[in-house]
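In: Build me a model:
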Amino acid sequence: MKMPIRHKLIIAISLLVVTLFGLVACLFINEKKQEMADDIYVNVLAFSKLTAPKIVNDYELYLEQNGFVYFNRELRSILNKNENVLAVKIISYDGKIVYDSINDTERRFEGERKVTEEVLLDQLASENIAVQTAKGETLFLKINDDGGISYVDKNERGILPMEQGTFLKYFVVPATEKYSVVYDVSYRHLDERVALMTNRIIYLAVFGIMLGMMMSFFMSSKITKPIGKLVNEANEIAKGNFKAQVDIQTGDEMSFLGDAFNKMAKDLESSVDAKLYQERVTSELKIAGNIQQQLLPKTLPQIKGLEIAAGIIPAEEIGGDMYDFLKLNDDKLLFYVGDVTGHGVPAGIVSSIASALFYGYSTEQNLEKVMTDVNRVLKAKTMTNMFMTLCLMEWDSTEKKFTYVNAGHEQIIHYKAKEKKVELSPSGGIALGMIPDISKLIKTQEMDFQPGDYLIFYTDGIPEAWKNKDEMYGMERFQKAVENFGKDLVTALAMKEAILSDVKQFCGDYKQMDDITIVVVKRTE
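Out: Below you'll find the predicted structure:
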């Protein structure tokens with residue numbers, strides 16, 4: 001089960017509080033311990049320098065005269081004035097312990113006690129105050145003429161001062177010419193104060209954790225509530241409700257997130273609407289493309305003396321190129337290749353209208369009359385900026401006669417088999433749909449079409465096919481290709497496929513910019 005973000009925040013803030021309190025407590029306690037240890041050092045040093053002569057004097061006054069009770073009372077009175085002194089010993093310079101406050105509590109010790117530690121003997125032999133640290137190091141404090149203190153070794157050579165916060169074991173203070181007093185240092189009260197500080201810090205840490213949990217609960221609510229709103233509205237969007245909006249007025253980043261969410265919902269709604277519209281348009285374009293394909297001839301006509309191949313490659317779903325074959329009778333074939341300006345839906349609509357018009361006027365016996373009638377309708381029923389170039393042809397197999405009318409279309413490429421060379425038909429005519437009457441601007445022409453010859457009808461998508469933004473296929477390359485293919489190829493289909501393959505190889509992966517249409521006619525007899 002995943003952990004809620006609220007619990008994560010509570011745990012994280014609690015851990016942070018504990019970690020911070022722990023680090024601060026360790027640093028604070030360590031610093032305080034050093035400060036208190038230094039205070040104890042200064043306090044015991046001053047106390048020992050002040051009381052050592054009196055303790056020895058009381059010893060000589062009372063204890064040597066067998067006044068143990070009086071001496072013990074005076075000593076206890078002195079020790080009670082400093083809680084940092086655990087015990088004292090009075091030791092002669094030859095190492096004899098004449099009094100020990102720890103052991104001589106009820107009566108004076110009868111017998112002889114001698115110092116056995118060599119370190120302590122060295123300390124007793126010095127005229128300076130000796131200090132024994134808890135780590136076993138010995139330092140001597142030499143009182144200077146100005147009252148200051150210098151740190152020396154037993155040979156009175158200067159050494160580095162004692163580090164701050166050093167814990168001590170005892171002081172050895174010369175009191176008279178016969179005796180020194182040893183003061184054992186106690187850190188019991190320091191430990192008590194450290195324990196007290198530790199308890200206080202623990203109480204503060206517990207309070208801090210509770211406060212941190214409350215703060216984290218409060219802060220997490222400020223985050224989780226807006227997030228909960230976002231989650232709920234996101235679920236609404238997932239269900240398709242793009243009207244979902246959140247109202248977050250926190251005045252921080254969550255407000256920006258809420259505004260961004262609301263904008264995303266609106267943009268998503270627009271995007272979905274646009275996608276649906278695009279899918280609908282794509283579907284309709286596909287249907288329109290299928291309809292346009294239905295207008296193209298499903299089969300190529302069979303007529304005596306000709307072999308025909310044709311094909312069209314639209315640049316988009318709907319193209320503006322068109323071709324068709326209308327068999328008037330067993331001996332006559334009417335066919336055309338046309339190109340509407342531009343490509344896409346408008347061009348496709350015009351080409352479909354033109355196809356229907358040519359089909360309706362195909363019974364006319366005069367090619368110029370057919371072109372004039374189609375032009376009249378196109379001019380009246382299409383936009384002024386829409387027009388089309390077209391070449392209308394007729395083949396009479398009885399008379400073996402080929403005639404055509406060119407309305408501003410591309411020149412016909414004529415491959416002459418006997419001469420093995422290519423010629424272009426004369427250009428001329430005017431595009432359909434530009435002016436109301438073109439009867440005086442078009443002319444029926446006859447072409448010397450011999451057995452073995454090829455006629456190539458095409459749209460400008462072939463010569464204007466681009467290899468890149470600077471180089472296109474061109475008429476010169478087109479004619480050269482037809483001339484080369486005509487020498488080796490023996491069918492109209494092979495000629496068509498060879499031309500399209502050459503164009504494709506030239507263009508490579510460059511985008512097709514215009515519709516490509518080609519009709520190849522070969523005379524067989």
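In: any idea how far V18 is from E31?
Out: Separation of V18 from E31 (Cβ to Cβ, to the nearest Å): 20 Å. Just so you know, the C-beta spots here come from the backbone N, C-alpha and C atoms, and that holds for glycine as well.
In: Same drill for those two, tell me which one is more crowded.
Out: Counted by other Cβ atoms under 10 Å, V18 and E31 do not tie: V18 has more neighbours, with 15 against 11.
In: Secondary structure element holding the more buried one?
Out: Using DSSP states H and E, V18 maps to helix 5-61.
In: what residue ranges in the stretch 251-400 of the chain score low on pLDDT?
Out: 251-254, 256, 272-295, 317, 342-343 (pLDDT under 70).
In: Helices of that one, residue ranges please.
Out: Along the stretch 251-400 of the chain, the stretches classed as helices by DSSP state H, counting those that start in this stretch are 253-295, 345-361, 367-381.
In: angle of the second one against helix 367-381?
Out: Between the axis of helix 345-361 and that of helix 367-381 there is an angle of 140 degrees, by axes from the mean of the first three to the mean of the last three Cα atoms, to 10 degrees.
In: for helix 345-361, which positions count as buried?
Out: 345-355, 357-358, 361 (16 or more other Cβ atoms under 10 Å).
In: Just the closest of those residues to I40, please.
Out: The shortest approach to I40 among the buried residues of helix 345-361 belongs to V345, at 100.4 Å (Cβ to Cβ).
In: wait, that closest one sits on G319?
Out: No: using Cβ atoms under 8 Å as the test, V345 is too far from G319 to be in contact (10.1 Å).
In: pull the helix or strand with minimum mean pLDDT from the protein.
Out: helix 253-295 (a mean of 66; mean pLDDT, DSSP states H and E).
In: Any figure for the gap between the residue lying closest to V340 once chain neighbours are set aside and V69?
Out: In space, and not counting its chain neighbours, V340 is closest to G320: 3.5 Å by Cβ to Cβ, 6 or more residues apart in numbering. Per Cβ to Cβ, G320 is found 134 Å from V69.
In: go on, L124?
Out: 28 Å.
In: more crowded one of these two?
Out: Between L124 and V69, counted using other Cβ under 10 Å, L124 has the larger neighbour count: 20 against 12.
In: Please list all residues in contact with that one.
Out: 91, 93, 95, 115, 130, 172, 180 (Cβ atoms under 8 Å, 6 or more residues apart in numbering).
In: Near the fourth one, how many other residues are there?
Out: By that I understand V115. By other Cβ under 10 Å, the burial measure for V115, its neighbour count, is 18.
In: doesn't K89 make contact with it?
Out: No: look at V115 against K89 with Cβ under 8 Å: they stay out of range, at 9.1 Å.
In: And the strands in the stretch 301-450 of the chain?
Out: In the stretch 301-450 of the chain, the strands defined using DSSP state E, counting those that start in this stretch lie at 306-313, 321-327, 332-340, 388-396, 401-407, 413-416, 421-424, 444-447.
In: that older thread, including pLDDT and distance to P314, could the contacts of L124 go into a markdown table?
Out: Formatted as a markdown table, these follow (pLDDT from 0 to 100; distance: Cβ to Cβ, whole Å):
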| residue | pLDDT | distance to P314 |
| --- | --- | --- |
| I91 | 94 | 120 |
| Y93 | 89 | 124 |
| G95 | 90 | 122 |
| V115 | 85 | 119 |
| A130 | 93 | 112 |
| V172 | 94 | 114 |
| S180 | 94 | 119 |
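In: ok, the residues you listed vs S425, which is closest?
Out: The closest of the contacts of L124, once distances to S425 are taken by Cβ to Cβ, is A130, at 130.5 Å.
In: can you tell me how far that closest one sits from S186?
Out: 18 Å.
In: do the same with E177
Out: Taken as Cβ to Cβ, the span from E177 to S186 is 29 Å.
In: And the two? Which one has more around it.
Out: S186 (16 against 6).
In: contacting residues around the closest residue in space to the more buried one that isn't next to it in sequence?
Out: Spatially, and ignoring its direct neighbours in sequence, S186 is nearest to L86 (3.7 Å; Cβ to Cβ, 6+ apart). When contacts are counted by Cβ under 8 Å, 6+ apart, L86 touches 184-186, 188.
In: Most neighbours out of the residues you listed, which is it?
Out: Result: V185 is most packed of the contacts of L86 (other Cβ under 10 Å), 24 neighbours.
In: Assess the claim that it and V85 are in contact.
Out: Yes: using Cβ under 8 Å, V185 is in contact with V85, at 7.0 Å.
In: Touching both of those two, which residues are there?
Out: With Cβ under 8 Å, 6+ apart as the test, V185 and V85 both reach V44.
In: still on that earlier bit, in its sheet, which strands sit next to whatever helix or strand the residue nearest to S186 lives in, and in what direction?
Out: Of the helices and strands defined by DSSP H and E, L86 is found in strand 85-92. Strand 85-92 has the following sheet partners, assigned by DSSP bridges: strand 97-100 (antiparallel), strand 179-185 (antiparallel).
In: residues near E269, how many?
Out: As a measure of burial, E269 has 16 neighbours, counting by other Cβ under 10 Å.
In: Check whether it really touches F242, as I assumed.
Out: Yes: using Cβ under 8 Å, E269 makes contact with F242 at a distance of 3.5 Å.
In: Quick check: the gap between D104 and E476.
Out: 132 Å.
In: Looking at these two, which has the bigger crowd around it?
Out: D104 (20 against 9).
In: what sits against that one?
Out: 68, 72.
In: Share the number of residues neighbouring H409, please.
Out: H409: 27 neighbours (other Cβ under 10 Å).
In: swap in P463?
Out: 17.
In: Quick one: classify it as helix, strand or coil.
Out: Following DSSP: H, G, I helix; E, B strand; the rest coil, we place P463 in the coil state.
In: State the phi and psi torsions of V194.
Out: Here is the backbone geometry of V194 (degrees, to the nearest 10): phi -60, psi -40.
In: doesn't Q34 make contact with it?
Out: No: V194 lies out of contact with Q34 (Cβ under 8 Å); the separation is 11.3 Å.
In: show me the contacts for I13.
Out: Each residue near I13 by Cβ under 8 Å, 6+ apart is listed here: 212-213, 215-216.
In: Show the model's pLDDT score for it.
Out: We have a pLDDT of 72 for I13.
In: do the same with M219
Out: M219 is given a pLDDT of 68.
In: The one 4 residues further on too?
Out: In this model, I223 is scored at 68, pLDDT.
In: Equivalent analysis for H409, please.
Out: H409 is given a pLDDT of 92.
In: Kindly report the same for the one 10 residues further on.
Out: Turning to E419, the model gives it a pLDDT of 92.
In: got the phi/psi numbers for it?
Out: Dihedral angles for E419 - degrees, to the nearest 10 - are phi -90, psi -10.
In: From L306, how far off is it?
Out: For E419, the distance to L306 - Cβ to Cβ - is 20 Å.
In: Of those two, which one has the most company?
Out: Counting neighbours by other Cβ under 10 Å for E419 and for L306 shows that L306 has the greater number, 21 against 10.
In: Hmm, K400 and the more buried one touching each other?
Out: No: contact criterion Cβ under 8 Å: L306 and K400 do not qualify, at 10.2 Å.
In: Identify the residues contacting I312.
Out: For I312, the contact set (Cβ under 8 Å, 6+ apart) comprises 296, 319, 321-323, 515-518.
In: ok, now how distant is it from T138?
Out: Going from I312 to T138 by Cβ to Cβ gives 113 Å.
In: Same check on T491?
Out: Taken as Cβ to Cβ, the span from T491 to T138 is 121 Å.
In: and D437, what does it touch?
Out: Counting by Cβ under 8 Å, 6+ apart, the residues that D437 touches are 372, 375-376.
In: Pull out the C-alpha coordinates of stretch 336-349 and format them as CSV.
Out: Presented in CSV, the C-alpha positions along stretch 336-349 are these (Å, rounded to 0.1, in the frame of the first residue of the first chain):
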residue,chain,number,x,y,z
TYR,A,336,-8.5,13.7,-72.6
VAL,A,337,-5.9,14.7,-70.0
GLY,A,338,-6.5,17.8,-67.9
ASP,A,339,-5.0,19.7,-64.9
VAL,A,340,-7.0,22.0,-62.6
THR,A,341,-5.0,24.8,-61.0
GLY,A,342,-3.6,23.8,-57.6
HIS,A,343,-4.6,20.6,-55.9
GLY,A,344,-6.7,19.4,-53.0
VAL,A,345,-10.5,19.7,-52.5
PRO,A,346,-11.2,22.7,-54.7
ALA,A,347,-9.3,21.3,-57.7
GLY,A,348,-10.9,17.9,-57.1
ILE,A,349,-14.4,19.4,-57.2
